[in-house]
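Engineer: Sequence and predicted structure below; questions after.
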Amino acid sequence: MKTQNSKWTVLSLVTAAVLAVSIALASGPLFEAQPAGDLASFAALQPIDAHVHLYKDDPAFDSLMRHLNLRILDICLIDDRDPYFKRMEPQRSDVLKVVHRTAGRAVFCTTFSPYRFEEPGFAQSTIHQLDTDFATGAIAVKIYKVMGMEMKSKAGKYVMPDDPAFEPIYKEIADHDRTVVAHIAEPDSCWQPPNPASPDYDYYKQNPQEYAYAHPEWPSKAAILAARDHMVAENPKLRVVGAHLGSMEADVTQIAQRFDRYPNFAVDTAARVPYFMLQQRDKVRAFLIKYQDRILYATDLVTMPKDDTQKALAEWNKTYERDWKFFATDQKVEYMGHSYQGLALPQPVLRKIFHDNAVHWLPGITGKS
Ligand SMILES: [Zn+2]
């Protein structure tokens, strides 16, 4: 055993050395002196990340945001399968601490618990809570995939996002000129057999309770997206940003169809940038140029109160570097053992995706509104 261990150590050292040399060669001479050098042109756009879950109040995140000229939408969600997300507290207070710490570079996106939807006074008390959150600075309201995939009525029916119980709440959000961030449904792979080549393979392995393939009794993805579309159509005055490419990650044509149908609908790229890499480059590029007013750059970075700050910062930097390289340059980007050529989008399109669209679809994101 001992010998084997030593052998492994030597091998890892060699691998690490080779890796270090390759990184140094690939990144050029500026790598040592200025690790964030690649992000100078990113920072120049005053980028906005429209989908983040930062619950850790640490000055290091404020420094990073200042350094990158970055604003974020800091999002709450309710999921009764996770102890931290079961209720509005402590996540709401944690987000408000981050908002305060960053002097408003992080902006509060609230949510509400949909689970009590059959109780009398549900809409009224939810509206009361949202109005309080709006007064506290919330500019958007997240609705979550438990609608359609987990939550059932007392009669045993899966509850969809277009359930009439939610209608007065959507109306209230529109009346206050706030935006809905709709994480409804999941990637196609959630309904498919395990496939190690899928970007989501590890996620469903770690979260089997969210894996629709293991729950054949759940509604189909098509049925859930139809309910989401119906809710968007029924509320033409409500801005809806479909999180995670509106769960139409596998084919930009599906997103384009919705954009053509619903002028009040946009999407964020949270956690789905790799799906752009997996599609045909020319098609994705043409789509982003044609619908340049409807796509909001976003990451879905998650940092919990107990997470290690240094590790988190490294992940944030790495994510912004990879994404910026992919959208802004024609260089090769590595993902899951393959390399993909960057999209080299025109500067005016980058400006919209990384800044202007968030300003338009999330009024208040820059603090002025
Ligand atoms: Zn998210």
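Structural biologist: Structure received.
Engineer: list the contacts for the nearest residue to Ala43 once chain neighbours are set aside?
Structural biologist: Closest residue in space to Ala43, ignoring its immediate chain neighbours: Asn69 at 4.4 Å, by CB to CB, 6 or more residues apart in numbering. C-beta here means a position set from N, CA and C on the backbone, and glycine is covered the same way. With contact taken as CB atoms under 8 Å, 6 or more residues apart in numbering, Asn69 is in contact with 43-47.
Engineer: which residue ranges form the helices in the stretch 101-250 of the chain?
Structural biologist: Counting by DSSP state H, counting those that start in this stretch, the stretch 101-250 of the chain has helices at residues 122-135, 146-149, 167-175, 201-206, 221-234, 243-246.
Engineer: that older thread, what about the residue nearest to Ala43, distance to Leu96?
Structural biologist: Going from Asn69 to Leu96 by CB to CB, to the nearest Å gives 23 Å.
Engineer: sorry, back to before: filter the contacts of Asn69 down to the buried ones, ChimeraX style.
Structural biologist: Buried residues among the contacts of Asn69 (16 or more other CB atoms under 10 Å), as a ChimeraX selection:
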select :43,45,46,47
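Engineer: which one of the contacts of Asn69 sits closest to Met248?
Structural biologist: Distance to Met248 across the contacts of Asn69 (CB to CB) is lowest for Pro47, with 23.8 Å.
Engineer: and the closest residue to the closest one other than its chain neighbours, how many residues sit next to it?
Structural biologist: With CB to CB, 6+ apart as the criterion, Pro47 has its nearest non-adjacent residue at 4.6 Å, and that residue is Phe354. Residues lying near Phe354 (other CB atoms under 10 Å) number 26.
Engineer: quick one, what contacts Phe354?
Structural biologist: When contacts are counted by CB under 8 Å, 6+ apart, Phe354 touches 42, 45, 47-48, 297, 327.
Engineer: Max pairwise distance over those: which two?
Structural biologist: With distances taken as CB to CB, the most widely separated pair in the contacts of Phe354 is Ile48 and Phe327, at 13.8 Å.
Engineer: any common contacting residues for these two?
Structural biologist: Here Ile48 and Phe327 have 297, 354 as joint contacts, going by CB under 8 Å, 6+ apart.
Engineer: circling back to that earlier point, can I get the helices of the stretch 101-250 of the chain in a markdown table including mean neighbour count and mean pLDDT?
Structural biologist: Shown next, in a markdown table, are these (neighbours: other CB atoms under 10 Å; pLDDT from 0 to 100):
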| stretch | mean neighbour count | mean pLDDT |
| --- | --- | --- |
| helix 122-135 | 16 | 98 |
| helix 146-149 | 23 | 94 |
| helix 167-175 | 18 | 98 |
| helix 201-206 | 14 | 95 |
| helix 221-234 | 18 | 98 |
| helix 243-246 | 26 | 98 |
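Engineer: Now, the contacts of Phe354 that are in helices?
Structural biologist: 42, 327 (DSSP state H).
Engineer: now, which of the contacts of Phe354 sits nearest Glu150?
Structural biologist: Checking those one by one against Glu150 (CB to CB), the nearest turns out to be Tyr297, at 28.7 Å.
Engineer: From Val333, how far off is the closest one?
Structural biologist: Taking CB to CB, one finds Tyr297 at 15 Å from Val333.
Engineer: more neighbours, the two?
Structural biologist: Tyr297 (26 against 21).
Engineer: which ones are touching the more buried one?
Structural biologist: Applying CB under 8 Å, 6+ apart to Tyr297 gives the contacts 47-50, 268-269, 323, 327, 353-354, 357-358.
Engineer: among those residues, which are in strands?
Structural biologist: Within these, residues falling in strands by DSSP state E are 48-50, 268.
Engineer: pLDDT, neighbour count and distance to Tyr204 for these - can I get that in JSON lines?
Structural biologist: Converted to JSON lines, the ones in strands among the contacts of Tyr297 look like this (pLDDT from 0 to 100; neighbours: other CB atoms under 10 Å; distance: CB to CB, whole Å):
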{"residue": "Ile48", "pLDDT": "98", "neighbour count": "25", "distance to Tyr204": "30"}
{"residue": "Asp49", "pLDDT": "98", "neighbour count": "29", "distance to Tyr204": "25"}
{"residue": "Ala50", "pLDDT": "98", "neighbour count": "34", "distance to Tyr204": "25"}
{"residue": "Asp268", "pLDDT": "98", "neighbour count": "29", "distance to Tyr204": "21"}
